[in-house]
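Engineer: After the sequence you'll find the predicted model.
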Number of protein chains: 2
Amino acid sequence: MSRLFKRFSSTITMKPTPSKAHLHRSLPASSFPIGYVATGIHAGVKKKPGVLDVGLIVSTAEHPASAAACFTRNVFKAAPVVVSDQILSENGGRARAVVVNSGCANAVTGRQGMENAWAMVRETDALLPPSTSTAKNHTLVMSTGVIGQNLPISKIVDGIRSQAAHTLASDFPAWERAAKAFMTTDTFPKLRSRVFSINGTEFRMAGMDKGAGMIHPNMSPASTSFSSLHATLLGCIFTDAAVSPRSLQKALTYAVDRSFNSISVDGEMSTNDTILVLANGAAASKKDGQVVEIDEETDKEGYEVFKTQLTKFAAELAQLVVRDGEGATKFVTVNVKGAPTYEVAHRVASRISTSALVKTAFYGEDANWGRILSAAGSISIPDLDPSKVSVTFLPSDNTASLPVLVNGEPENVDEVRAKQILTLEDFGICIDLGGLGNEEATYWTCDFSYDYVKINGDYRS
Amino acid sequence: MSRLFKRFSSTITMKPTPSKAHLHRSLPASSFPIGYVATGIHAGVKKKPGVLDVGLIVSTAEHPASAAACFTRNVFKAAPVVVSDQILSENGGRARAVVVNSGCANAVTGRQGMENAWAMVRETDALLPPSTSTAKNHTLVMSTGVIGQNLPISKIVDGIRSQAAHTLASDFPAWERAAKAFMTTDTFPKLRSRVFSINGTEFRMAGMDKGAGMIHPNMSPASTSFSSLHATLLGCIFTDAAVSPRSLQKALTYAVDRSFNSISVDGEMSTNDTILVLANGAAASKKDGQVVEIDEETDKEGYEVFKTQLTKFAAELAQLVVRDGEGATKFVTVNVKGAPTYEVAHRVASRISTSALVKTAFYGEDANWGRILSAAGSISIPDLDPSKVSVTFLPSDNTASLPVLVNGEPENVDEVRAKQILTLEDFGICIDLGGLGNEEATYWTCDFSYDYVKINGDYRS
C-alpha cells in the first residue's frame, strides 16, 4: 500500500458524527401488538437522576406466550443469559414477560450474579396477571453495561416493586420508556412497530433493541450446548400473532442470521448478546376456546409469511444499531453474490464489514476497492477464480452504480464520481464472486472514525 | 458496557505517536553473513527524488543457496507471489537473489503484472556472478505498495541495469540501503543481524522486513494449493549456514508461525505477504568439495539449533513491525497458556490482539479486562470452565504483576497500580485458560489510536 509520505500529515480534521435523533419517531398506537404493557423506570443502576435503567414488557394475555431466543456464542456467559436460557428450556418455550437493566452487564459475576438475575425474574413474576400457565418462572431477563461488577440488586428490586406496577401501560410513551431503559451509549431509543396479515387476519409486531459498540453478534438458538457471552446487543420483539414455540424458534433463528447476525460496528461479539421474541396470540383466532398457533407443519404458508415479516422487522431493528454505531458517519450495505453457499457469502461479507482498513477508507470517503478485495480474499473461498470477480459501488441516491473491478480487471475509475458516491451517508458495495453459485448474503456496517477511538479509549476514565 | 454519558465528551486529546527512530541502529560488519552483497536504489517507482524503492540482495556463493518461503493465504495472489512460488518450485528450493520494490504492489494487475514480475527476475538474474546452478531463473521477487496499478517497469529495469551492479556491496551501508528500499509507511528501516554457532562452527544471519499497516499475516509454506494475497508484510533472512531446502522450509514454517504469523497491527492480511530465507552455505564446511547441508534427518541436533535461532531472529524482526505499527503508542505481548493445543492458544491470542475494543482501551491506558475476556470468549474453546480462567497484567519494568481475574473471580483491582502498568509503552497480558492443557502461544500487538484512523482515512487523498 503506497501510503508513502502520508504518515505524518498535519492535524486531525475531525468530521462530526451526524445526529441520529431523527431516527427516533412517534409510532401510532394501532401499530402496537395488543395484550402487552410496558414501562421503563429509574431504579438507580445509572447514577444520573431520572435516567431510565430498568425496562419491563409484560404480556397480559391469559394464554402464556410462545417465546424464543438467540443468545451469544461467547464462552463467558453472563448470568442473565444463563438464567433466560434455563427458563425457556424448562418452560418448553413459553414466557410472559421480559425485564432488562442497563448500566451493568451482570457478567463474570459468579454465584452472586446468578442470584441477582433470578431476583429480577422473581420480582417481575410477582407483577404478572393471572394466567393458565403452570410454569415456575415466567420472565426472561437481560442486562447490559459494565462487566465484572455486581448489580445493585436491592435498587432494582425496589424499583420494580414501587414503580413498575403503576406505570405499566400499552400506549406509545410506555413502550418508549421501555426502549429508553435499554440504552447505554445509544444516542436514541430504538423502537419500531408494524402491522401485517396472515391468512386475512391482521397482526402487529413491536420491537426494541440497543447497541452502539461491541457489536458483531453471532448468536445461536436457545438451549444449545454453545450459547452465551457478554452481549452489548439486546433486542426483543413482541407480537400478538400466535406461533408454536418450535416454529417461533425456527423463524427467529432464520431472521437473526439475516439481521442481527449480519451487522457489525466493531467486530466485537459480547457476553450478553440476546434477542428474544414473544408471541402472545392475543389477536389470534380461537378454536374450542384455545388459541390456534401457526406451526410450520400444519400451516406452511402462514409460517412463511410470519417468518418473512419477522426477518424484515429484525433487519429494520438491526440496521438501527449500525446507524447508531459508535462514531459512525456512514451506513454501508455490503452485498456478496455469486457464492456457492450462503455461509461463504456471509463470511466474506462479514470480513469486509469488519476490516479496519476498509472502514477507515469509508471514513475518509475513499473508494479504495483494493482494500475491499484484499479483505475478501483473506477468507478461504474454494474454487474462486480471481479473474471472474467484480466489485461495484452502489450509490443510495438512485444515480448510476460504479463498477471498479470487472472480471478481475481494474476499471479506469472516475475518481470524481467515486468521491460523489462515498460522500453520501448511505452507499453500498457489491462483490460478485463470479458464478461460483447463486447464493448471496448482505451485511450492514459503518465506518471507523476518530470518534470510535475517542469513545472507547475514554471509556472508564 | 456502561459507557454511559461518555459518548459526547469534549475534544480530542491526541497523544503523539512516539518516535521509533532509535530502533534503527548500526550493526557490526562481522555480524553479517558472508557471501552476500546488497543495495537499494531509487528507480523512480516513488516520485520523491532519492527515496530508495528497489532493493537487491545477492548471494555471491558458487553453491546455489537453499531457499524457502511463506506466502500469504489471500485468494487474490499478487503477481510477485505467484512468480516467486513458481521459481522456488521449479528450482527445488534453490535461489540466489532477492529483488524487491516498494511503492506499487503489482497486485490485481492481470497478465501485464505477471510479465512485469518476470522482467524484474530476469534483470536481476543478469547481474548474478557465475555459479554451479543449472536453473532457468535465480531471483525471487517481492512488491509492496498500491494495489491495482501496474509497475513502472521500464524505470525499474533501467534502475537495476544502470545503478544496481556498481552499488552492490557487503558493508552495513549496503544492507541498510536494501532495508530502506522496502519501506512504505514504515518510519525506520528494519534491519537486524546475529551470530550463532552450530556444532562449533560460527554462522551469521541478517534480515530485514517492512510493514506498519495491513499487518496480520497468515502465511503458509511455498507451493501449497493455498497461498498468496496482497501482503504488506515483506521480509527476508539471509544466512551463511548451509541447510537442505527441505529442512530450511520446515524450519521457516515453524519460525513464521511463532513470529510473523503471531503479530497484528490491524487484523488485515494482505495479498503480497511474503517471508523468504536464503542459506548460501558460504561459512559451512565442505566434504569432497561439496557444501555439507544441515538436514533434520541426518543432523537432528544441528537442525534444532538452526530452527531455534531462525525462530528467535524471525520474532525479533516481526516485533519491529508491531513497534512501528501505524499510529502505535503501545507494544503489548499477549500470552495465552493452559490451552489444550497450540492452535487454540494461538487463536485466542490472535482474537485478543485484533479486538478494536481491547486495542482502544490500551490506547486509553485502561486496564479493561472485561473486554479482554469477552474477546477471548468469542473463540470456541472446547471444555473451557470459566471458573478456572485467570487474567494478569504484566509490567515491563520488573515490578510486580497484577492479577485482575483469578479463577473466574474478579479481583478488587487497585486502579492506580493498573494505570501505572498501562502507562508503560511495553506491557503484557496473560490469559490462563485453567489447565485445559500445557500448550501456550504468544502474540504481539499494538494499540489502536487516532493516528491509525488518520493514516488510513487519509490514505489516497
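Structural biologist: Alright, I've got the coordinates.

Engineer: For chain B, see how far away A:Tyr443 is.
Structural biologist: With distances taken as CB to the nearest CB, to the nearest Å, A:Tyr443 is found 17 Å from chain B. The C-beta positions use only the backbone N, C-alpha and C, and glycine is treated the same way.

Engineer: now that residue, which residues is it bridged with?
Structural biologist: The partner list for A:Tyr443 in beta bridges (DSSP bridges) reads A:Val334.

Engineer: element containing A:Val82?
Structural biologist: Applying DSSP states H and E as the criterion places A:Val82 in helix A:79-90.

Engineer: What's the first helix or strand after that helix?
Structural biologist: The C-terminal neighbour of helix A:79-90 among helices and strands, as given by DSSP H and E, is strand A:97-104.

Engineer: Can you spell out which helices and strands pack onto that following strand?
Structural biologist: strand A:54-59, helix A:110-125, strand A:139-146, helix A:172-181, strand A:234-239 (3 or more CB pairs under 8 Å, 6 or more residues apart in numbering or on different chains; DSSP states H and E).

Engineer: How far does stretch A:157-167 sit from its chain's centre?
Structural biologist: Distance, stretch centre to chain centre, for stretch A:157-167: 27 Å (CA atoms, centre = their mean, to the nearest Å).

Engineer: buried sites along it?
Structural biologist: A:157, A:159-160, A:163-164 (16 or more other CB atoms under 10 Å in any protein chain shown).

Engineer: any idea which of those is the one closest to B:Glu411?
Structural biologist: Nearest to B:Glu411 among the buried residues of stretch A:157-167: A:Val157, at 27.4 Å, using CB to CB.

Engineer: Rebuild the buried residues of stretch A:157-167 as CSV, extending it with secondary structure and distance to chain B.
Structural biologist: Rendered in CSV, the data for the buried residues of stretch A:157-167 read as follows (DSSP: H, G, I helix; E, B strand; the rest coil; distance: CB to the nearest CB, whole Å):
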residue, secondary structure, distance to chain B
A:Val157, helix, 20
A:Gly159, helix, 17
A:Ile160, helix, 20
A:Gln163, helix, 20
A:Ala164, helix, 21
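
Engineer: okay, the helices and strands packed on strand A:97-104, which one's buried deepest?
Structural biologist: With neighbours defined by mean count of other CB atoms under 10 Å in any protein chain shown, none of these is more surrounded on average than strand A:54-59, at a mean of 29.

Engineer: and the angle from it to helix A:172-181?
Structural biologist: Put simply, strand A:54-59 runs at 130 degrees to helix A:172-181, going by axes from the mean of the first three to the mean of the last three CA atoms, to 10 degrees.

Engineer: Any stretches of chain A with poor pLDDT?
Structural biologist: Scanning chain A for pLDDT under 70 picks out A:1-14, A:222-231, A:458-461.

Engineer: Quickly list the domain ranges of it.
Structural biologist: For chain A, the structural domains run A:21-323, A:331-458, going by automatic domain parsing.

Engineer: Make TSV from those domains and add distance to B:Lys15 to it.
Structural biologist: Putting those into TSV (distance: least, CB to CB, whole Å) gives the following:
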stretch	distance to B:Lys15
domain A:21-323	21
domain A:331-458	9
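
Engineer: Any idea which of these gets closest to B:Arg96?
Structural biologist: Comparison of those against B:Arg96 by CB to CB identifies domain A:331-458 as nearest, at 30.2 Å.

Engineer: you'd agree A:Leu52 is up against A:Ala181?
Structural biologist: Yes - between A:Leu52 and A:Ala181 there is a contact under CB atoms under 8 Å: 4.1 Å.

Engineer: Mutual contacts of the two, please.
Structural biologist: Residues touching both A:Leu52 and A:Ala181 (CB atoms under 8 Å, 6 or more residues apart in numbering or on different chains): A:40-41.
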